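Enquirer: Fold the following for me, if possible:
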Amino acid sequence: MSLLIITGCGSNIKEPSLPELKQLQQKIEEKLDNITYDNLASYGIDEENKKVVIELVNNTKEEQDWFKENVSDSPYIEFKQGGPYQTFE
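Expert: Below is the predicted model of the structure:
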């Protein structure tokens with residue numbers, strides 16, 4: 001008797017739809033409205049790569065972990081370096 005096992009290297013994470021990304025972004029906005037978090041530079045949806053991009057001023061693993069624990073942890077979030085930004089009137 002022979003046994004053939006095939007394994008793949010692919011990810012089990014399905015690609016999110018745009019409405020799912022918008023819902024995730026809304027949950028992040030609601031959570032951020034209720035806390036003080038000075039490390040956030042910006043956030044938004046990257047439709048091409050199907051991610052919610054979070055730009056952190058201090059984009060360290062510790063800050064990413066803090067965000068995941070206190071705001072949102074999702075496989076659809078991508079962290080990037082951002083800011084600090086200044087606005088002028």
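
Enquirer: Leu21 versus the spatially most central residue of the chain, what's the distance?
Expert: Geometric centre of the chain, nearest residue: Ile77, 1.7 Å, by C-alpha atoms, centre = their mean. Going from Ile77 to Leu21 by C-beta to C-beta, to the nearest Å gives 10 Å. Glycine gets a C-beta too; all of them are placed from N, C-alpha and C.

Enquirer: Give me the pLDDT value at Ile45.
Expert: On the pLDDT scale, Ile45 is placed at 97.

Enquirer: low pLDDT regions in the protein?
Expert: 1-13 (pLDDT under 70).

Enquirer: So the residue nearest to Gly44 when sequence neighbours are not counted: helix, strand or coil?
Expert: Using C-beta to C-beta, 6 or more residues apart in numbering and skipping the chain neighbours, the partner closest in space to Gly44 is Val53 (6.0 Å). Here Val53 is strand, with the state taken from DSSP: H, G, I helix; E, B strand; the rest coil.

Enquirer: is it true that Asp46 touches Glu55?
Expert: No - taking contacts as C-beta atoms under 8 Å, Asp46 lies outside contact range of Glu55: 11.1 Å.

Enquirer: Same drill for these two, tell me which one is more crowded.
Expert: A direct count of neighbours by other C-beta atoms under 10 Å for Asp46 and Glu55 places Glu55 higher, at 18 against 13.

Enquirer: The more buried one pairs with what?
Expert: Here Glu55 sits in beta bridges with Ser42, Lys80, going by DSSP bridges.

Enquirer: And the helices in the protein?
Expert: 18-33, 61-70 (DSSP state H).

Enquirer: Please save the CA atoms from stretch 51-61 in PDB.
Expert: The C-alpha trace of stretch 51-61 is given here as PDB (Å, rounded to 0.1, in the frame of the first residue of the first chain):
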ATOM      1  CA  LYS A  51      -4.700  45.700   3.200                       C
ATOM      2  CA  VAL A  52      -5.500  48.400   5.800                       C
ATOM      3  CA  VAL A  53      -2.200  50.300   6.000                       C
ATOM      4  CA  ILE A  54      -1.300  51.700   9.400                       C
ATOM      5  CA  GLU A  55       1.600  54.200   9.400                       C
ATOM      6  CA  LEU A  56       3.300  54.600  12.800                       C
ATOM      7  CA  VAL A  57       5.700  57.400  13.700                       C
ATOM      8  CA  ASN A  58       7.600  54.900  15.800                       C
ATOM      9  CA  ASN A  59       7.200  51.700  13.700                       C
ATOM     10  CA  THR A  60       8.900  49.200  16.000                       C
ATOM     11  CA  LYS A  61       7.800  45.700  16.800                       C
END
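
Enquirer: Perfect, that will be all.
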